[in-house]
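>>> This is a predicted model, with the sequence first.
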Amino acid sequence: MVEAESLVLQLEGFEGPLDLLLELARAQKVDLAKISILALVEQFLSVIEGARRVRLELAADWLVMAAWLTWLKSRLLVPALGEPEDAEAAAETLAARLQDLQAVRAAAAWMAQRPQLGWEVFGRGQPEDFTETDRSRLRLEMSALLSAYLAARRRAGAKLQYRPQPMAYHSVQNALERLARLVGSLPDWSALEAFLPEDLEDGLPRRAALSATLVAGLEMARGGILHLRQEREFGPILVRNGPGDEVGG
Amino acid sequence: MSEQDAVRLAEAVVFAATQPVSARALANLLPEDTDVEAVMAELGAQYAGRGVGLVQVGGGWQFRTAPDIAPVLRKVVELPRRLPRVAMETLAIVAYHQPVTRGEIEEIRGAALSQTTLDLLLENGLVTPKGRRESPGRPTLWGTTPAFLAQFGLNDLRDLPRREELLIDPTGPPRPTPAPGEPEA
Amino acid sequence: MSEQDAVRLAEAVVFAATQPVSARALANLLPEDTDVEAVMAELGAQYAGRGVGLVQVGGGWQFRTAPDIAPVLRKVVELPRRLPRVAMETLAIVAYHQPVTRGEIEEIRGAALSQTTLDLLLENGLVTPKGRRESPGRPTLWGTTPAFLAQFGLNDLRDLPRREELLIDPTGPPRPTPAPGEPEA
């Protein structure tokens, strides 16, 4: 079949087996509703056969369609094989599917003939937009105000956590108060260390408190409130109630 | 407001807009007792035979250049890509069968729907998802957009020819119809 | 080409073009012996008194909505601004701690207060100076305005939720230290 032979080479130009079937059906030049399905099937199978001679491999959907059409052909030729109404129904289904595809083709062709926007007809190239956006007003919500306040306080609070704790040294002022309060209750010479607060940490806090207490003691001795005495260099400093200055020695 | 004032206002609105202007939008703009259809008919008449005409598309009115001037305009206006046949067929299936799933489109065409084709239709804003079908796999349903109507100068989906009309003469020039029951081989 | 055809063509070109169409561009599109100025004058005359007019701008022709109609078409869309976060925090601190100095605001927020932020609150009439503190440098004291109350729908500053209700723990929950290798939220 010459027509079929020529189609072999174009097989790739078809969208699929249904596309080829429609093309073959249209070649019959009859109303699709009255088409000879048997003739159509034979043409399709001969195209596929021809194509397989040229190229061994064929896409699966072509082969599936070919197998199905072979089954349909055998049933249509020899109804005695059984289920003749099945074959007739299948032939009708095929004809209906071809009609559907034909309708789609026609609709696409009809649409393609319409004057299309941007091709046959054009809209205005510079549309004018009279919409103005007014951004002058503020959008303020109470919830936003409160969450902002919380955020600010939390952030400041979080910063505080990272601030190093200031060292609380026993100041001269503290020592003056402490000495004035305690010195009267002492019977006789006492070591200066006895006037230090009780809960001091060793190291810098203790040494700072000791020097503060010494400065306070010197201050009070100058004012004649107490006596200071040191027996030897770097020896213990002793304190006693009452006027007089005996530092050194 | 005189009718001529109403016509001027409608003219300005439709001229300025990028999209077809609906009757409702016009009714909101024109004085309450205005007969919108009459105003638009008068406006259309004033533009008859000009280089620009008033058309009713996508459920509204829009000014468009006269089709006979297109060859000259194509020299000055940037052209979008024409849709290939596959895309046109797919679009036709969506237009006629919407809402429709991808599987149904493929079945009707008897071929797989390529990503390229779907992308092209989406990029041009011609089709859009319209929910999902409540069946296994919940496939997306597709339908056409207002831009589809505008693109093809349709006012409504009902302006598409009926299937029976399409099947009367599917392929251009009429062919002699053979006598019934006498199939040609 | 008749003059009327030339006018139609020019009309369509100017309508469809995305920019003003120059006399030279029109001369290229119209037949060689066309008097472009005459054609455009005729086109302009045809649009005289309509809702749309032909105007010459930026070295070319374009269609524009008639000046008397443009205000009718003007549509104002209100899109209220939001205050930036910094300004909102500052405003909240002024509201809760007024009268308050700039230094105190900075201390409470734990960050410097920029003049821009303060200006923004002043421009919008949300805060106002409320005298000076009698301390070194006599810093300005800030407080909220009646406009602030109106914006937040408050009758009185006492309508603000009390600080204690808000600041259950002003320093916030201790930040959990992420376990090694665990990304921070």
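Yep, that arrived. Numbering: from 1, shown residues only, chains lettered A, B, ... in the order given.

>>> Please make it C-alpha for all contacts and neighbour counts, starting now.
Will do.

>>> Need the nearest residue in space to A:Val215, chain neighbours excluded.
Closest residue to A:Val215 apart from its sequence neighbours, by C-alpha to C-alpha, 6 or more residues apart in numbering or on different chains: A:Val172 at 6.8 Å.

>>> can you check B:Arg85 too?
B:Arg85 sits nearest to A:Ala108 (C-alpha to C-alpha, 6+ apart), 7.7 Å away.

>>> wait, isn't the one you found in contact with B:Glu89?
Yes: between A:Ala108 and B:Glu89 there is a contact at 5.1 Å, judged by C-alpha atoms under 8 Å.

>>> more crowded one of those two?
Shown here are A:Ala108 and B:Glu89; by other C-alpha atoms under 10 Å in any protein chain shown, B:Glu89 has more neighbours (24 against 20).

>>> so which strand or helix has that one?
Element membership for B:Glu89 (DSSP states H and E) is helix B:85-97.

>>> Now do the phi/psi pair for A:Arg229.
A:Arg229 adopts backbone torsions of phi -150, psi 140, taken as degrees, to the nearest 10.

>>> quick one, what contacts B:Glu3?
Counting by C-alpha atoms under 8 Å, 6 or more residues apart in numbering or on different chains, B:Glu3 makes contact with B:Val39.

>>> What pLDDT is listed against it?
You'll see B:Glu3 listed with a pLDDT of 84.

>>> For A:Pro236, see how far away it is.
116 Å (C-alpha to C-alpha, to the nearest Å).

>>> if we can go back for a sec, can you list the buried residues in the helix holding B:Glu89?
Residues of helix B:85-97 classed as buried by neighbour count (16 or more other C-alpha atoms under 10 Å in any protein chain shown): B:86-96.

>>> can you check stretch B:100-119 too?
By 16+ other C-alpha under 10 Å, the buried positions in stretch B:100-119 come out as B:100-102, B:105, B:108-111, B:113, B:117-118.

>>> give me the number of residues near A:Gln99?
A:Gln99: 19 surrounding residues under other C-alpha under 10 Å.

>>> that older thread, now name the helix or strand holding the residue nearest to B:Arg85.
A:Ala108 is part of helix A:84-113 when elements are defined by DSSP H and E.

>>> The residue nearest to A:Val215 is in contact with A:Leu218, isn't it?
No: counting by C-alpha under 8 Å, A:Leu218 is not a contact partner of A:Val172; they are 10.9 Å apart.

>>> shaky segments in the chain?
Since no chain was named, I'll use chain A. A:1-10, A:12, A:55-56, A:80-85, A:158-167, A:186-187, A:243-249 (pLDDT under 70).

>>> meant chain B actually
Low-confidence segments of chain B, defined by pLDDT under 70: B:169-185.

>>> Okay, domains of it per the record?
B:3-73, B:85-162 (automatic domain parsing).

>>> Could you provide these in TSV, with additional columns for distance to A:Ala168?
Shown next, in TSV, are these (distance: least, C-alpha to C-alpha, whole Å):
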stretch	distance to A:Ala168
domain B:3-73	75
domain B:85-162	71
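
>>> so which of the ones you listed gets nearest A:Ala151?
domain B:85-162 (42.1 Å; C-alpha to C-alpha).

>>> So which bits of chain A are right by chain C?
Proximity of chain A to chain C (C-alpha under 8 Å from any C-alpha of the partner chain) is limited to residues A:122-126, A:128, A:130-142, A:144-146, A:148-159.
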